[in-house]
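1. okay, sequence plus prediction incoming.
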Amino acid sequence: MAEKRNETGRLAPPRHIAVIMDGNGRWAQKRGLPRTAGHKAGAETFRKIATYCKNIGVKYLTVYAFSTENWSRSEAEVSAIMALLKKYLLEAVDTMERDHIRLHFFGDMTPIAPELRALARETDEITEHLSRDDFQANVCLNYGGRDEIVRAARRFAADCAAGRRKPEELDEAAFSDYLDSRGVPDPDLIIRPSGELRLSNFLLWQCAYAEFYYTDTHWPDFDEAEMDRAIAAYHARDRRFGGVKQP
Ligand code: IPE
Ligand code: IPE
Ligand code: MG
């Protein structure tokens, strides 16, 4: 069982939960609203679920906000998502220190608008001042699992070419250090709302031994009770990591 009790005898929540925040568009369409209204509602759900995860003792929450493939959407939809990110980052700059929330980005920030990148740098700086024990939210922006692996490989190759590293030094731990998730333990539980049973290029390296939880609920309707159900399902799993279940 994934069952682990903390000092108080309660089942400890997963240390790292990752969420593919999917279904914003369908949630809006069902209500006769524009897709952007779904993104707005989804952003509020992120705020609510991040607060809940922090309160119940989850250490890391990683969310898929915008994939390397999402640029193929209309310019209006992409701009609306970027505007929402800006709004929440501005708010985060003011509140993360007070609320002890570390914020980190996974993904290639190069094509992101300078204004948003500057804000991300600001939140990175605030995060540096917070304790490593504080709750950490990782936002995947212009993120693709394959892209992350290719960028890591490129950086390692550059280090080899510059004589800083040797190819034979590369092992799984050394490679992990070149990924965007450097220093963050692998997710224990990956949740995908909205009924799709796929990863869509999310955390391909890190998902090796994650437990998966799928639900038909669209992300804007995802709530604390739904998170409790996902965590309960996680606790009922038998994580063997290739070993044999202990009697
Ligand atoms: C997830 O919701 C948000 C992003 C991908 C940015 P979608 O926009 O994919 O919603 P559906 O899947 O179309 O319902
Ligand atoms: C995955 O959702 C990306 C995010 C939630 C940010 P998509 O809606 O882009 O994935 P597909 O197209 O259904 O695979
Ligand atoms: Mg989708």
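-> Received the coordinates, thanks. Ligands and ions are numbered 1, 2, ... in the order given.
2. what sits up against the helix or strand hosting residue 94?
-> Residue 94 belongs to helix 75-99 when assigned by DSSP states H and E. For helix 75-99, the external contacting residues (C-beta atoms under 8 Å, 6 or more residues apart in numbering) are 35-36, 39-40, 43, 46-47, 54, 65-66, 70-71, 101-103, 112-113, 115-116, 119-120, 122-123, 126-127, 129-130, 139, 141. The way it works is simple: take the backbone N, C-alpha and C, and place the C-beta from them, glycine included.
3. buried ones from these, can you make that a PyMOL selection?
-> Burial among the contacts of helix 75-99 is assessed by 16 or more other C-beta atoms under 10 Å; the matching PyMOL selection reads:
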select buried, resi 35+36+39+40+43+46+54+65+66+70+101+102+103+112+116+119+120+122+123+126+127+130+139+141
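4. go back to the contacts of helix 75-99 and keep what's next to ligand 1.
-> 66, 70 (C-beta under 6 Å from any ligand atom).
5. stretch 79-88 near ligand 2 at all?
-> No - Stretch 79-88 does not reach ligand 2 (C-beta under 6 Å from any ligand atom); its nearest approach is 8.7 Å.
6. how near is the residue most central in space within the chain to ligand 2?
-> Centroid-nearest residue in the chain: residue 62, 1.9 Å away (criterion: C-alpha atoms, centre = their mean). As for residue 62, its distance to ligand 2 is 12 Å (criterion: C-beta to the nearest ligand atom, to the nearest Å).
7. mind listing what's buried in stretch 85-105?
-> In stretch 85-105, counting by 16+ other C-beta under 10 Å, buried: 85, 88-89, 92, 96, 101-105.
8. SS state for residue 104?
-> strand (DSSP: H, G, I helix; E, B strand; the rest coil).
9. what about stretch 91-110, how long is it end to end?
-> 23 Å (C-alpha to C-alpha, to the nearest Å).
10. chain center to that stretch, what's the gap?
-> 12 Å (C-alpha atoms, centre = their mean, to the nearest Å).
11. mean confidence for that stretch?
-> The average of the pLDDT scores along stretch 91-110 is 97.
12. what sits against the closest residue to ligand 1 within the chain?
-> Nearest residue of the chain to ligand 1, counting by C-beta to the nearest ligand atom: residue 25, 2.8 Å away. Going by C-beta under 8 Å, 6+ apart, residue 25 touches 35, 38.
13. give me the element it is part of.
-> Going by DSSP H and E, residue 25 is in helix 24-30.
14. ok, residue 192 - how many residues close by?
-> Neighbour count for residue 192, taken as other C-beta atoms under 10 Å: 23.
15. the residue lying closest to it once chain neighbours are set aside and residue 85, how far apart?
-> Using C-beta to C-beta, 6 or more residues apart in numbering and skipping residues adjacent in sequence, the residue nearest residue 192 is residue 20, 4.3 Å away. Counting by C-beta to C-beta, to the nearest Å, the gap from residue 20 to residue 85 is 17 Å.
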